[in-house]
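Colleague: with the input below, show me the fold.
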Amino acid sequence: QVQLVESGGGSVQAGGSLRLSCVASRLTLATVERLGWFRQAPGSGREEVATITRGSGTPYYASSVKGRFTISQDNADNTLYLQMNSLKPGDTAMYYCAATNIPPRWAYWGQGTQVTVST
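Modeller: Predicted structure coming up:
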């Protein structure tokens, strides 16, 4: 079955950077309609952080991360990335990658990678 496996999370100080990776198995990311990163902090709902839609030139970013985070994909490695710069304590959450060919529903999810930002 399809698998999405995230990595790259960790603990950093405010102002630092992390790059999250999401490797896909049994799913060719170059042909997927929409790819995205989500996050969920304890006690909070899931937040859509950034998405790429096939055929669209402009990724979507949540206002809280615009200008600091960059979503990208490497089709040769079948990997989705999230470059996170200027991290803030408010970015602390479990981060998940997702993929779908039936937007707006998300069909496939990874298991998540924890990001913790301290002051």
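Colleague: residues near residue 25, how many?
Modeller: Per other CB atoms under 10 Å, the neighbour tally for residue 25 reads 10. (Each C-beta comes from the backbone N, C-alpha and C, glycine too.)
Colleague: which non-adjacent residue is nearest it?
Modeller: Nearest non-adjacent residue to residue 25, counting by CB to CB, 6 or more residues apart in numbering: residue 3, 4.2 Å away.
Colleague: hang on, that neighbour packs against residue 24?
Modeller: Yes. With contacts counted by CB atoms under 8 Å, residue 3 reaches residue 24, the gap being 7.2 Å.
Colleague: higher neighbour count, the two?
Modeller: Looking at residue 3 and residue 24 with other CB under 10 Å, you find the greater number of neighbours at residue 24, namely 22 against 12.
Colleague: so what's the residue nearest to residue 25 up against?
Modeller: By CB atoms under 8 Å, 6 or more residues apart in numbering, the residues touching residue 3 are 24-27, 110.
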